[in-house]
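Peer 1: Generate a structure from the sequence data that follows.
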Amino acid sequence: GSVPELAAALRALVTADHVSLRMCFFIDGLDEYDSNHAELCEVLRDMAGSPRIKICLSSRRWPVFERSFGDDSQESLDIHELTRNDIRKFVNDQLQAHSRWTAEVSEEVTLEKAELVDRIVARADGVFLWAFFVTRSLREGLSNGERIGDLNRRFSQLPSDLDQLFQHMLEKVNPADHLKMAGILQAA
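Peer 2: As a prediction, this is how the structure comes out:
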């Protein structure tokens with residue numbers, strides 16, 4: 001159905017006094033919604049007004065969501081703050097496991113490597129999947145003989161948005177492999 005139909009159904013659910021069920025909705029990725037965010041917030045606020053409905057929402061901290069739902073630290077969790085150390089450990093472990101990452105040990109290079117890891121963790125902003133693909137790209141660079149300066153350039157060219165990162169990765173595929181890639185994607 002369309003977004004207006006979904007909104008109408010959700011509002012009908014809120015006003016259906018004959019329904020005795022208590023419901024809890026978990027909605028992930030409000031920021032990934034491709035239509036009017038303010039309208040979405042209005043529907044969700046209407047739902048949350050019902051004593052029979054509880055809602056747990058997740059999103060990046062965008063102003064439209066903070067205006068609608070508040071930024072009360074008692075009622076929210078900053079997941080990216082909770083996952084930052086896990087992402088840092090993952091990135092460090094993956095890069096440390098590559099022999100070319102550990103080959104250069106000068107003080108200057110060690111500092112540059114630490115700064116690159118910091119930049120990856122900061123730009124990941126809690127999105128583990130983004131950090132996974134970026135780290136894989138950097139390991140690929142290491143396998144191709146790239147040094148820390150090359151890795152910094154490679155990292156700077158990678159988009160911060162996950163969808164754009166996927167697009168970037170697809171565009172880097174050798175045109176000779178497009179047919180095989182299409183088959184794999186269809187199978188998946």
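Peer 1: Return the distance of the residue nearest the centre of the chain relative to Ser137.
Peer 2: The chain has Val127 as the residue nearest its centroid, 3.4 Å off, counting by Cα atoms, centre = their mean. The gap separating Val127 from Ser137 is 15 Å, by Cβ to Cβ, to the nearest Å. In this view, the C-beta of every residue, glycine as well, is placed from N, C-alpha and C.
Peer 1: Ok, Leu165 next?
Peer 2: 9 Å.
Peer 1: tell me, what's touching these two both at once?
Peer 2: Common neighbours of Leu165 and Ser137, using Cβ atoms under 8 Å, 6 or more residues apart in numbering, are Leu158.
Peer 1: one step back: could you report the pLDDT at the residue nearest to the centre of the chain?
Peer 2: According to the prediction, Val127 has pLDDT 83.
Peer 1: what do you get for Ser59?
Peer 2: Value listed for Ser59 in the pLDDT field: 83.
Peer 1: ok, now Leu77?
Peer 2: On the pLDDT scale, Leu77 is placed at 73.
Peer 1: Can you pull the phi/psi pair for it?
Peer 2: Per-residue torsions, Leu77: phi -130, psi 140 (degrees, to the nearest 10).
Peer 1: re earlier: ok, and the closest non-adjacent residue to the residue nearest to the centre of the chain?
Peer 2: In space, and not counting its chain neighbours, Val127 is closest to Leu162: 6.1 Å by Cβ to Cβ, 6 or more residues apart in numbering.
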